[in-house]
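1. Below are the sequence and a predicted model; questions follow.
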Amino acid sequence: MADIKLTAATLSAVGDIDIAGNRIIIRDDLSLVSVATPLGGEDALKKTLTAAFGLNIPAATLSSTAKGMRAVSMAPDAMLLIFAHATPDAEMHVRAKLGGAGYTTDQTDSMLAIEVSGPATMAAMERICPLDLQHGSFGKNASGRTVMEHMAATIIALGDAHFLLLTASSSAKSFLHALEKSYRNVIS
Amino acid sequence: MIIEHPLLGPRDAAEFVYLGDAAMIDRPDGMTVDDTGMHDYMYLRDNPAGDIRELWYHEQGDRSWLVVTRNTITHEITKVELARDVARRSGRSR
């Protein structure tokens, strides 16, 4: 049997993409930690999250922010914390701060964060995203999980025509391709 | 088809996976039910020309299970509830 060596592929090497003034940035500086609420532990997690990070538990269609950290609602009783963290121990950091008030899982390697912005962003997103992202219905800090092309995605509004997208690392290359293609389609 | 998610608002049906009759929530106790009762639960389904309550899973969303009341003739959706709430109302703890 031939020796096979698996090498992790990363999209970091792609670098930032500029398409006629629209920016697609791979945010590999961000760490992702999911926090699930223990059964009956809503109040304890709410108090601990606020004490530890200054964060409120996000409403179902919103994200909350404090001190450089963002909490995004992912499911009933589950949220994702997004923050810049220099060392690969983000989950341990959150777990220690929460002290058992939430169940934590490191998602940094399983999901990729991509930041998009620019004048053609709304048009590019409209082509591949079923959610209404217009500012009136999806304003700053709004969030939603949906499907883009055929791939699962979480969309967070950072500002006007400015989004953070989360997608599975395993299909991130295809996702990035779909995103880039959509930009090029609406510009050409 | 648009499904009005109780927590998230209007969502395209393409985000969901359809399972079937919501009667599946009411699974009988396998230790006490007789063969006929378990057979009926497993295999017998109503097929109404009108309103039916169905289980839909929000796979490309918040992964919640919903009970959707849909008219099989018009496809009009008249009610959407979290399956968790429906189960709790029927006496389940979660």
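-> Noted; the coordinates are in hand.
2. Can you tell me which residues in chain A are near chain B?
-> By Cβ under 8 Å from any Cβ of the partner chain, the residues of chain A that approach chain B are A:39, A:60-61, A:73-76, A:130, A:144-147, A:152. For every residue, glycine as well, the C-beta is placed using N, CA and C.
3. Can I get these in JSON lines including neighbour count?
-> Shown next, in JSON lines, are these (neighbours: other Cβ atoms under 10 Å in any protein chain shown):
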{"residue": "A:39", "neighbour count": "9"}
{"residue": "A:60", "neighbour count": "17"}
{"residue": "A:61", "neighbour count": "19"}
{"residue": "A:73", "neighbour count": "24"}
{"residue": "A:74", "neighbour count": "22"}
{"residue": "A:75", "neighbour count": "18"}
{"residue": "A:76", "neighbour count": "13"}
{"residue": "A:130", "neighbour count": "18"}
{"residue": "A:144", "neighbour count": "27"}
{"residue": "A:145", "neighbour count": "25"}
{"residue": "A:146", "neighbour count": "21"}
{"residue": "A:147", "neighbour count": "18"}
{"residue": "A:152", "neighbour count": "18"}
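4. Could you point out the member of the residues you listed that lies closest to residue B:18?
-> Taking Cβ to Cβ as the measure, residue B:18 sits nearest to residue A:147 out of the residues of chain A next to chain B, at 15.4 Å.
5. how about the strands of chain B, start to end?
-> All strands of chain B, identified by DSSP state E, fall at B:2-5, B:9-12, B:17-21, B:51-57, B:65-71, B:77-82.
6. Compile these into a markdown table and extend it with columns for mean neighbour count, mean pLDDT and distance to residue A:67.
-> As requested, these are exported to a markdown table (neighbours: other Cβ atoms under 10 Å in any protein chain shown; pLDDT from 0 to 100; distance: least, Cβ to Cβ, whole Å):
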| stretch | mean neighbour count | mean pLDDT | distance to residue A:67 |
| --- | --- | --- | --- |
| strand B:2-5 | 17 | 96 | 31 |
| strand B:9-12 | 16 | 94 | 29 |
| strand B:17-21 | 12 | 95 | 38 |
| strand B:51-57 | 18 | 97 | 36 |
| strand B:65-71 | 20 | 97 | 35 |
| strand B:77-82 | 14 | 97 | 32 |
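7. Out of those, which gets nearest to chain A?
-> Relative to chain A, the nearest member of the strands of chain B by Cβ to the nearest Cβ is strand B:9-12, separated by 4.4 Å.
8. how about the closest one against chain A, any contact?
-> Yes - Strand B:9-12 lies within reach of chain A by Cβ under 8 Å from any Cβ, at B:9, B:11, B:12.
9. mind listing what the nearest residue to residue B:10 once chain neighbours are set aside touches?
-> Of all residues not flanking residue B:10 in the chain, residue B:2 sits nearest, at 4.9 Å (Cβ to Cβ, 6 or more residues apart in numbering or on different chains). By Cβ atoms under 8 Å, 6 or more residues apart in numbering or on different chains, the contact set of residue B:2 is B:10, B:11, B:12, B:13, B:77.
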